[in-house]
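# can't give you the sequence, but here's the structure:
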């Protein structure tokens, strides 16, 4: 199982470098939150998914895109009521296309409105207090608005499926993240 994840991560990092859409170094801030659904073994037949809310968290951190590697990284602190921690996400954008690319002019000169959409695949890893971890795959779907030449504002939703050691009788979970960030391209 460890070898499978290693091959998957290396494939995402190095196997698709030809598809890098953004040039230069991208660095910024990202914040958001998420939550998940855990199945209760005792109620498996009657209620396949536990109520949302107990597993919610917030995060704030650093967004990073390294030149030549087609992966968008995020390193962040996790703010959870019972178990704070740190997290890492790595996303590869399968589609990253223009939604609107319009050149207009105003009284100050020309203005370029550029709005992109993206769909990707990636992974996440959370390390929590007391040795708890959470690892899995995610699918970010989002919009990015290029406010000015070096600045990009992005918003995405990322459905997730993962494995954790929080509860031994409920290791698998589904969930989702919402992220809002501002990235500058150098």
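Now that the structure is in, tell me what you want to look at. Fair warning: this is a prediction, and the values are worked out from it, not measured in the lab.

# all contacts plus neighbour counts: C-alpha atoms, from now on.
Fine.

# number of nearby residues for residue 72?
As a burial measure, residue 72 scores 18 neighbours (other CA atoms under 10 Å).

# pretty sure it is touching residue 62, no?
No. Under the contact definition of CA atoms under 8 Å, residue 72 does not touch residue 62, with a separation of 10.8 Å.

# Now do the shared contacts for those two.
Residues touching both residue 72 and residue 62 do not exist when contact is defined as CA atoms under 8 Å, 6 or more residues apart in numbering.

# which residues sit against stretch 119-127?
Under the contact criterion CA under 8 Å, 6+ apart, stretch 119-127 has outside partners 85-96, 133-142.

# of those residues, buried ones?
The neighbour-count criterion (16 or more other CA atoms under 10 Å) marks 85-94, 96, 133-142 among the contacts of stretch 119-127 as buried.

# quick check: longest strand of this protein.
When the chain is scanned for its longest strand (criterion: DSSP state E), the result is strand 85-106.

# Pairing partners for it, with directions?
When pairs are called by DSSP bridges, strand 85-106 turns out to pair with strand 72-79 (antiparallel), strand 109-128 (antiparallel).

# Which residue ranges of this structure form helices?
With DSSP state H applied, the chain shows helices at 2-14, listed in chain order.

# quick one: low-confidence parts of this protein?
1-22, 36-56, 81-82, 102-111, 167-170 (pLDDT under 70).

# Perfect, that will be all.
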